[in-house]
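Engineer: Pasting a predicted model and its sequence here:
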Amino acid sequence: MVAKTFGSAVSGVDAKVITIEVNVGQGTKFFLVGLPDSAVKESQQRVESSLKYFGYRMPRQKVVVNLAPADIRKEGSSYDLPIALGILQSSEQVVLPTLSEYIIMGELSLDGELRPVKGVLPIAIEARKKGFKGFILPNFNAAEASIVNNLDIIGVDTLEEAILYLEGKLEIKPTVTDTRDIFYNSLDLYEFDFSDVQGQENIKRAMEIAAAGGHNVIMIGPPGAGKTMLAKRLPSILPPLTLQEALETTKIHSVAGKLNSNAALIAQRPFRSPHHTISDVALVGGGGNPQPGEISLSHNGVLFLDELPEFKRTVLEVMRQPLEERKVTISRAKVSVDYPANFMLIASMNPCPCGYYNHPEKECVCGPGIVQRYLNKISGPLLDRIDLHVEVTPVKFEEMTSLRKAESSTNIRDKVIIGRNKQTERFKGNPEIYCNAMMPSHMVKEVCQINEAGKALLKTAMERLGLSARAYDRILKVSRTIADLANSDEIRVEHLAEAIQYRSLDREGWAG
């Protein structure tokens, strides 16, 4: 007798339905076919032990398990549960009349308990799309899958519970989550707030501009000046995630297995801060079984690279293409996987190895040429993709001890949203562009027009400060964002003047 159950395979951030066919017939041995990896092949021992634990038997006949379509590689241990149920149905030990109505996934332990699996959200979305009645899965993952409506999410703890439910002998209420209620109640639950930061008003202003225009930022300053503290607070002033963005972000974290049991939906913009020893693959994604990297986990949020020159050169260079295309394509001999990577890059660095070059009080001990060599660890093409260069100076004692309440993240975000709304209106005919930082060069000339006084100021700045040619477009984009924050339709001289000061690393002689 041939029994059919249904599972799923995740490719990138999307899922495909896998049909698990089980036939128990004359002969001996266990055969698992359909391009399984080692973890899938090892399911025989887990399934056999689980069946015996609950009083069932592994057939001492020829058992053929086919995972179709056979040209898609099946990875991981999450096929244990559907294989076990298929064997029971095919060997006529149980009768499961509704087996074909459900997508079923779960890893079995030797005593039949279910362990959590990855990629539950995209699987649930695909199950609803294909018209399945429900999704049977480990209880640990039920909340995550339940944000998909019109699909019965049945969380079970053991193989026996799944059998009894499909036999109709056990009633399990589907897990239900009010997605919109969770989403709207979690939008403002940020751990850090700008009201905690005393002083550094110029840096807060730069962060406000960056958030409003989606600009990448690099902060240069001595140790203890507050670079990391400021970067951690940036997500709190970015515009709130839309529900669609929240679902996109949650899918990526689901595929990577980064969601915990009570996190049904990611409602805050992610903030990722990898250590400088990270490898190329861990940052961009990939591996033997392709997984999203840190830049995809920061999709719709912030990627913070602390001590930028300490990262390996190869790691930094692989970011150049994702910064432009806002996606990562991982190619293998038989498959190509796309992961979204639309993130804001925030980097920080010391001005020199000792950290005190240009410090107002402490003396730099670095020898001649060392500062320039340190800065040269960051390539020109990467620096070209960073719009704002911000010099961070130590906070004065008077500012640290001041009792004046600093501006809160909520107030700053309100201003950022006003600026973003103007950009949404401006780019409504270009669905791929929604903020000033994403403008291509030909659009910059059209959108960022300046008057004669502005041209004269920009010319003078480029000549006197020795600004490079690549600074030209960046200054115009940033000045457009500053004008948007001021609710101005035209770029005025004061907007240009403020934008020019955010190009520190382009100045000739900055590093001596």
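Structural biologist: On my side now, so go ahead.
Engineer: helices or strands next to the longest strand that the chain contains in the packing?
Structural biologist: With DSSP state E setting the assignment, residue counts place strand 14-25 as the longest strand in the chain. Counting contacts by 3 or more C-beta pairs under 8 Å, 6 or more residues apart in numbering; DSSP states H and E, strand 14-25 is packed against strand 2-11, strand 62-68, helix 80-90, helix 120-129. Every C-beta, even on glycine, is put in place using the N, C-alpha and C of the backbone.
Engineer: after that strand, next one along is what?
Structural biologist: Following strand 14-25 in sequence order, the next helix or strand is strand 30-33 (DSSP states H and E).
Engineer: Please work out the average pLDDT along that next one.
Structural biologist: Average pLDDT, strand 30-33: 94.
Engineer: how distant is it from the center of its chain?
Structural biologist: 37 Å (C-alpha atoms, centre = their mean, to the nearest Å).
Engineer: Mind listing what's buried along the helix or strand following it?
Structural biologist: Sequence order places helix 38-41 as the next helix or strand after strand 30-33, per DSSP H and E. Using 16 or more other C-beta atoms under 10 Å as the test for burial, helix 38-41 gives Ala39, Val40.
Engineer: now stretch 244-256
Structural biologist: Neighbour counts over stretch 244-256 (16+ other C-beta under 10 Å) mark Glu245, Ala246, Leu247, Glu248, Thr249, Thr250, Lys251, Ile252, His253, Ser254, Val255, Ala256 as buried.
Engineer: Can you say which helix or strand has the third one in it?
Structural biologist: Following DSSP H and E, one finds Leu247 within helix 243-255.
Engineer: so how far is that helix off the chain centroid?
Structural biologist: 8 Å.
Engineer: swap in stretch 54-71?
Structural biologist: Relative to its chain's centre, stretch 54-71 lies at 37 Å (C-alpha atoms, centre = their mean).
Engineer: what about that stretch, average pLDDT?
Structural biologist: According to the model, stretch 54-71 has a mean pLDDT of 93.
Engineer: measure stretch 387-402 end to end?
Structural biologist: Chord length of stretch 387-402, first to last residue, is 32 Å (C-alpha to C-alpha, to the nearest Å).
Engineer: Same check on stretch 122-140?
Structural biologist: Stretch 122-140 has an end-to-end distance of 16 Å (C-alpha to C-alpha).
Engineer: And stretch 99-109, how far out from the chain middle?
Structural biologist: Using C-alpha atoms, centre = their mean, the offset of stretch 99-109 from its chain centre is 28 Å.
Engineer: From here on, call the first residue 33.
Structural biologist: New numbering, starting at 33: the last item is stretch 131-141.
Engineer: Okay, strands next: where are they in the stretch 433-544 of the chain?
Structural biologist: Here the stretch 433-544 of the chain has no strands by DSSP state E, counting those that start in this stretch.
Engineer: Below-threshold pLDDT in it: ranges please.
Structural biologist: Counting by pLDDT under 70, the stretch 433-544 of the chain shows low-confidence ranges at 433, 435, 501-502, 538-544.
Engineer: got it, and the chain?
Structural biologist: Using pLDDT under 70, the chain drops low at 293-295, 365, 431-433, 435, 501-502, 538-544.
Engineer: report the longest helix in it, please.
Structural biologist: helix 441-458 (DSSP state H).
Engineer: which secondary structure elements does it contact?
Structural biologist: Checked by 3+ C-beta pairs under 8 Å, 6+ apart, helix 441-458 has helix 233-245, helix 502-517 packed alongside it.
Engineer: For it, which outside residues touch it?
Structural biologist: Helix 441-458 has contacts (C-beta atoms under 8 Å, 6 or more residues apart in numbering) with 220, 222, 224-227, 236, 239-240, 243-245, 265, 268-271, 466-468, 479, 513, 516-517, 519.
Engineer: now it against helix 233-245, angle please.
Structural biologist: Here helix 441-458 runs at an angle of 40 degrees relative to helix 233-245 (axes from the mean of the first three to the mean of the last three C-alpha atoms, to 10 degrees).
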